[in-house]
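S.K.: coordinates only, no sequence provided:
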């Protein structure tokens, strides 16, 4: 990857911008309870709640209800990366629920941070490029009103 970053189709940029916020949260989660953390566990939970409600939930819905169905019309929805993406969505949802209920130890917060970071990087580096390549321009443009 060049220093300029990953080129992203204009229609998918809102999802990528949300990913950047997610990466910042992932860093905080990975550092929770460690010497490297500049944030208390309560601050991290507050940040997670601001990230997740409603934007994180909406982000997953937009990918699952609009982006992936459009991709399924032209690509392999059974592709291992797509299956992994959806499995990770389930894990992240469940983990975020636990985190926001303050039912998560710092070690679990660290694990969630790694999962979230890996998930976001995979979407940005592998899944989104695969979808961008598969979808014709007109299909991508039709998604614009649905991706925030």
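M.R.: It's in. Predicted model, so just to flag it, every value in this text is computed and none were measured.

S.K.: in the protein, which spans are strands?
M.R.: Read by DSSP state E, the chain holds no strands at all.

S.K.: centre-most residue in it?
M.R.: With distances taken as CA atoms, centre = their mean, residue 120 lies nearest the centre of the chain, 4.5 Å away.

S.K.: for it, give its distance to residue 21.
M.R.: Using CB to CB, to the nearest Å, one obtains 10 Å as the distance from residue 120 to residue 21. The way it works is simple: take the backbone N, C-alpha and C, and place the C-beta from them, glycine included.

S.K.: what about the closest residue to residue 134 other than its chain neighbours, how many neighbours?
M.R.: Counting by CB to CB, 6 or more residues apart in numbering, residue 75 is the residue found nearest to residue 134 once chain neighbours are left out, at 4.1 Å. Residue 75 has 16 neighbours, counted by other CB atoms under 10 Å.

S.K.: again with residue 97
M.R.: 12.

S.K.: what comes up buried for the longest helix along the chain?
M.R.: The longest helix of the chain (DSSP state H) is helix 80-100. Neighbour counts over helix 80-100 (16 or more other CB atoms under 10 Å) mark 82, 85, 88, 89, 92, 95, 96, 99 as buried.

S.K.: avg pLDDT for that helix?
M.R.: Mean per-residue pLDDT for helix 80-100: 98.

S.K.: which elements pack onto that helix?
M.R.: helix 41-51, helix 57-62, helix 68-72, helix 106-122 (3 or more CB pairs under 8 Å, 6 or more residues apart in numbering; DSSP states H and E).

S.K.: how big is the angle separating the first one from helix 106-122?
M.R.: Put simply, helix 41-51 runs at 30 degrees to helix 106-122, going by axes from the mean of the first three to the mean of the last three CA atoms, to 10 degrees.
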